[in-house]
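# next input, structure requested:
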Amino acid sequence: MKSTKHKKLVIAGGSGFLGQTLIELLASAFNETVVLSRKFHENHGTVKYVRWDGQHAGPWMNELEGADLLINLCGRSVNCRYHQKNKEEIRQSRVRSTLALGAAVISAEQPPTFWMNASSATIYEHELNTPHEEQTGRIGNTFSEDVCKEWEQIFNEIPVPRTKKLVLRMGLVLGVKGGVFPELVNLVRMGFGGAVGKGNQRISWIHEKDLAAMILQAFENNWEGVVNCTAPTHPTNKEFMAVLRTQLNQQLSLPIYNWMLDAGAWMRGTESELLVKSRFVYPKYALDHGFNFRYPKLNSALEELTAP
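As a prediction, this is how the structure comes out:
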């Protein structure tokens, strides 16, 4: 990352694992970081927390004035059962926050220079053989894929001519402080380190440090449009679990069959789709624009994440 300090970073939805990770890794590149959050947090260092509800106008809008970079990470977790109430909350949490931020950007006298909106690599169809690139990838039509499509469409249609925009289609972000990675580590340590389901589903992943570096490079080099935020290698689930077992020195590798996965997902209030869908995504835009991955291969990424 460049050493040059930028003025102001604003992160909407910065209370979760991903938000806290980006704050930790990006705040040093900015003189000031403002986090828009529904929950109360103590300010620390150059990081200030401002309350908002994710949908209505309010004093928080003033924080966007003169910002260099706005990142929107808002959205209810998809780690739940997909009944109608949860589906609507998943959709509305993304739509409303994006529209609220759009209204604030439009009304600002000095709007943010750059606005990045989160999306997901799950927007692409289930694919086992050919990786999806930004311009040629096939967009799917399941609930999860439809949510991403609507989210991106609303973001792209907001007229902000003085602000550059970029969609971040993020894969599985690997970090030790949250997300799915600690859960996978626990599964392996309990002996369930074999394949999940058929085990042939691809996993498009990215190390948290590479995600932060990619976002900063995108900002500093004026990337626009859509970028796949994933590593350039795509292990199958079976391969992923084997590498993780090796890093954790775990010999026992009981598989998780589909019936076990369905039962476990039901008991934990989530959906088996989150683990069995094949996400085969390639970061062509980032590579074409000179991004160098610190962790391009899974072995080195997991070695760093599981180090004592």
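# tell me the buried residues in stretch 286-298?
Across stretch 286-298, burial judged by 16 or more other CB atoms under 10 Å covers Ala286, Phe291, Phe293, Tyr295, Pro296, Leu298. Backbone N, C-alpha and C define where each C-beta goes, glycine included.
# need the three-state assignment for the second one.
Following DSSP: H, G, I helix; E, B strand; the rest coil, we place Phe291 in the coil state.
# and it, how far from Lys165?
As for Phe291, its distance to Lys165 is 19 Å (criterion: CB to CB, to the nearest Å).
# kindly report the same for the last one.
Using CB to CB, one gets 31 Å for the distance from Leu298 to Lys165.
# check Lys238 too.
38 Å.
# repeat for Lys209
From Lys209 to Lys165 the distance is 24 Å (CB to CB).
# and Ile23, by the same measure?
Applying CB to CB to Ile23 and Lys165 gives a distance of 21 Å.
# what about the closest residue to Gly199 other than its chain neighbours, distance to Gly290?
The shortest distance from Gly199 to any non-neighbouring residue, by CB to CB, 6 or more residues apart in numbering, is to Lys238 (3.5 Å). To Gly290, Lys238 is 33 Å away according to CB to CB.
# ok, now Ser120?
24 Å.
# and if you look at Leu298?
Distance from Leu298 to Gly290, by CB to CB: 22 Å.
# ditto for Pro59
Distance from Pro59 to Gly290, by CB to CB: 40 Å.
# what do you get for Ala301?
Distance of Ala301 to Gly290, computed by CB to CB: 21 Å.
# and for Arg38?
37 Å.
# ok, now Phe17?
28 Å.
# with Gly66 instead?
Applying CB to CB, the value for Gly66 to Gly290 is 29 Å.
# pull the longest helix from this protein.
helix 84-107 (DSSP state H).
# quick one: list the elements packing against it.
strand 69-72, strand 114-120, helix 143-157 (3 or more CB pairs under 8 Å, 6 or more residues apart in numbering; DSSP states H and E).
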